[in-house]
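> Structure, please.
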Amino acid sequence: KLKDASALDEFLEKTPVSQYDPSVAIEVLEAGGYYGLAAAIAQKEEVEHHEDWVRISIEHFRSYTKTVEYLAKLPGEKARDLVMKYGRVLMSHAPTETVELIRDLCGLKSTTEHPWRASLSSVSGSGVGKMLKGFLP
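Residues are numbered from 1 along each chain as shown. Here you go, the predicted model:
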């Protein structure tokens, strides 16, 4: 059944998420090499499997700048948690964008303007300390 990508895509577009387990669908599609479809499910508003989307974007598409832009659109706490988990790889491949995102998440004044900046909500409290711990050995 996994051999027809267009049929899978049509099924996923027409079938409400409530009628299937998104976690299982993401896992099966990813295992079958349908990374785009897996990422599309993870990104759906009613699913919000942000970590799956970020992981797929990094591991399979190597879309580092796009991943930073996606993270910037998430609520501050969720973005911070994912930056702490995937920040090292993002720093290696999209350092400027990642530093700007971290600065924004920590509530520090940014040095450049990005189109996603307006949608980003900064992390309150000790955001700088929490972020630094994720990058220090």
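
> For this structure, which helix or strand comes out least confident on mean pLDDT?
Ranked by mean pLDDT, DSSP states H and E, the weakest helix or strand in the chain is helix 127-135, scoring a mean of 62.

> could you measure Val47 against Asp21, distance?
Val47 sits 10 Å away from Asp21, taking CB to CB, to the nearest Å as the criterion. (Each C-beta comes from the backbone N, C-alpha and C, glycine too.)

> residue ranges of the helices in the protein, please?
With helices called from DSSP state H, the chain shows them at 5-14, 22-31, 35-43, 50-56, 64-72, 76-93, 95-105, 127-135.

> Can you flag the weakest of these by average pLDDT?
Lowest mean pLDDT within the helices of the chain: helix 127-135, at a mean of 62.

> about what we covered before: columns mean neighbour count on top of the helices of the chain, output as JSON lines?
Output for the helices of the chain, formatted as JSON lines (neighbours: other CB atoms under 10 Å):
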{"stretch": "helix 5-14", "mean neighbour count": "12"}
{"stretch": "helix 22-31", "mean neighbour count": "17"}
{"stretch": "helix 35-43", "mean neighbour count": "20"}
{"stretch": "helix 50-56", "mean neighbour count": "21"}
{"stretch": "helix 64-72", "mean neighbour count": "21"}
{"stretch": "helix 76-93", "mean neighbour count": "18"}
{"stretch": "helix 95-105", "mean neighbour count": "21"}
{"stretch": "helix 127-135", "mean neighbour count": "15"}
